[in-house]
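J.: give me coordinates for this.
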Amino acid sequence: MKTLTLMRHAKSSWKDAVQSDPERPLLEKGLKRTRLVIDFLHGKEFKPEMILTSHAVRALETARIMAHAFNVPDESLRIEKSIYTASAEEYFDQFFDIPGQVAHVLLIGHNPAITNFANRFLQQKIDYLPTSGIVSISFETGSWEELPLARHRLLFITYPKMLKSQG
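T.: Numbers count the residues shown, from 1 in each chain. Take a look at the predicted model:
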């Protein structure tokens, strides 16, 4: 069994018009919303062993927050520049060199690719994955390369607005 959790980076700032898109930092609002999601995940059996993230500041900061919250060691946080521009189909390229013993990967990316990738595995499609949103899926396979063809089931979808309405 493999578990893949997809996360869109936390809410970021558009304040500095001169700043390039990959350099945009997180907003305090994004940090607060991510903490809501972390609190929810602590109530689940959520234990990612590896985090794959885009190099964009907002994604990398989100990855570091998640790594800290779930005790993922620095050497298990992998920065993949290609995630920033990847299509949903190209996301599959991220899994070819993940060691077989890794059972749970958290991938932090950007819309629209992260939503389109999640929708490949969802019966009820989503319009878009909001910032700090999470989709977690389990796969009946022992190999990361077999994800596209493996039987799978949705474990959960959550995002900050959903959690606020429950609280």
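J.: alpha carbons only for contacts and neighbour counts from here, please
T.: Noted.
J.: give me the contact list for the longest helix that the chain contains.
T.: Using DSSP state H to define each element, the chain has its longest helix at helix 28-42. Residues external to helix 28-42 that are found in contact with it (C-alpha atoms under 8 Å, 6 or more residues apart in numbering): 10-12, 62, 66, 69, 131-133, 158-160, 163-164.
J.: which of these has the weakest pLDDT?
T.: pLDDT across the contacts of helix 28-42 is at its lowest for residue 12, which sits at 66.
J.: which one among the contacts of helix 28-42 gets closest to residue 102?
T.: Proximity of those to residue 102 was ranked by C-alpha to C-alpha; the top entry is residue 66 with 17.1 Å.
J.: and that closest one, which helix or strand is it part of?
T.: Secondary structure from DSSP states H and E places residue 66 in helix 57-69.
J.: give the buried residues for that helix.
T.: Within helix 57-69, the residues that count as buried by 16 or more other C-alpha atoms under 10 Å are 57, 58, 59, 60, 61, 62, 63, 64, 65, 66, 67.
J.: again with stretch 96-111
T.: Buried, per 16+ other C-alpha under 10 Å, within stretch 96-111: 102, 103, 104, 105, 106, 107, 108, 109, 110, 111.
J.: again, but for stretch 131-145
T.: 131-139, 141, 143-145.
J.: equivalent analysis for stretch 157-167, please.
T.: For stretch 157-167, the neighbour count (16+ other C-alpha under 10 Å) marks 157, 158, 159, 160 as buried.
J.: check contacts around residue 2.
T.: The neighbours of residue 2, taking C-alpha under 8 Å, 6+ apart as the test, are 102, 103, 104, 138, 139, 140, 141, 142, 143, 144.
J.: next one: it from residue 61, what distance?
T.: 25 Å (C-alpha to C-alpha, to the nearest Å).
J.: before we move on, the earlier item: now, the contacts of helix 28-42 that are in helices?
T.: Those of the contacts of helix 28-42 lying in helices (DSSP H): 62, 66, 69, 160, 163, 164.
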